[in-house]
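Engineer: generate a structure from the sequence data that follows.
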Amino acid sequence: MTEPTLRVMLVDDHALVREGIRHVLAGTPGVEVVAEASDGEMALELARDARPDVVVLDLSLPGAGGLEVTTRLRDLLPAVRVLILSVHDHQEYVVGAVRAGAQGYLRKDTSPSELRAALRAVAQGESYFSPPVARHLSAALRGDPPADDAGTRLARLTPREREVLGGIAAGETSRAIAARLGLSPRTVETYRENLARKLDIKTVAGLTRFAVEAGLVEEG
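Structural biologist: Numbers count the residues shown, from 1 in each chain. Next up, the predicted model:
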């Protein structure tokens, strides 16, 4: 008896990334990409009609972020499986994704074969984490505290907070950051307040120095 087709939805705000994943999956028997979305709200809207089995989801999205989308997807479609595919693999992101309901987590430098394997695994009700991600998850479960350097402090920020920090370090105004990320200026101001509180840095110059030390931006 032929196995049912695995219905996959791609959610990433970069068209080239979605095209690359679609190309990888195009030659995979029994897998069909049934929908694509470039932001969180679009993903939730399309998922209602497309009814995917697995959603391959980026964390950094305009509007509703990946963690919020994961939570809302599980409420909307309880049977859906979420596979995170992100450049962010720090402990806080991995743990946050699992808590939100994701069944798998891959870095964007993963191989095509690992992506296919992860899709099959989560579709069958299993969990799948690439080795670097699994190490972060294991460390979190053991309660291992990371070293308190700039890179670790940066890892404590959400993907959206990192994007706002990058804009601040690049000299962008709150209005410019809001326009680029599809947010309201007031929301950006809230992110700025969160950054100042989380990093204990109160000035733009201090935030900029931190972003350079953490490797988020290059020193100008």
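
Engineer: only C-alpha atoms from now on, for both contacts and neighbour counts.
Structural biologist: Will do.

Engineer: spell out the secondary structure type for the residue nearest the centre of the chain.
Structural biologist: Nearest to the mean C-alpha position of the chain, by Cα atoms, centre = their mean, lies residue 59 at 1.4 Å. Recorded secondary structure, residue 59: coil (DSSP: H, G, I helix; E, B strand; the rest coil).

Engineer: ok, it - contacts?
Structural biologist: Taking Cα atoms under 8 Å, 6 or more residues apart in numbering, we find residue 59 in contact with 65-67, 84-86, 88, 159.

Engineer: can you mark which positions in the helix or strand hosting residue 73 are buried?
Structural biologist: For residue 73, the host element (DSSP states H and E) is helix 66-76. Judged by neighbour count using 16 or more other Cα atoms under 10 Å, the buried positions of helix 66-76 are 66-67, 69-74.

Engineer: next, format those as JSON lines and append pLDDT and distance to residue 132.
Structural biologist: As requested, those are exported to JSON lines (pLDDT from 0 to 100; distance: Cα to Cα, whole Å):
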{"residue": "66", "pLDDT": "88", "distance to residue 132": "20"}
{"residue": "67", "pLDDT": "89", "distance to residue 132": "20"}
{"residue": "69", "pLDDT": "93", "distance to residue 132": "24"}
{"residue": "70", "pLDDT": "94", "distance to residue 132": "21"}
{"residue": "71", "pLDDT": "93", "distance to residue 132": "24"}
{"residue": "72", "pLDDT": "93", "distance to residue 132": "27"}
{"residue": "73", "pLDDT": "93", "distance to residue 132": "26"}
{"residue": "74", "pLDDT": "89", "distance to residue 132": "25"}
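
Engineer: for those, which one is nearest residue 163?
Structural biologist: residue 66 (13.7 Å; Cα to Cα).

Engineer: what sits closest to the closest one if chain neighbours are left out?
Structural biologist: residue 59 (4.0 Å; Cα to Cα, 6 or more residues apart in numbering).

Engineer: what of residue 167?
Structural biologist: Nearest to residue 167 is residue 177, by Cα to Cα, 6+ apart, at 6.0 Å.

Engineer: that neighbour: neighbour count?
Structural biologist: Per other Cα atoms under 10 Å, the neighbour tally for residue 177 reads 22.

Engineer: pretty sure it is in a helix, no?
Structural biologist: Yes - applying three-state DSSP, one finds residue 177 inside a helix.
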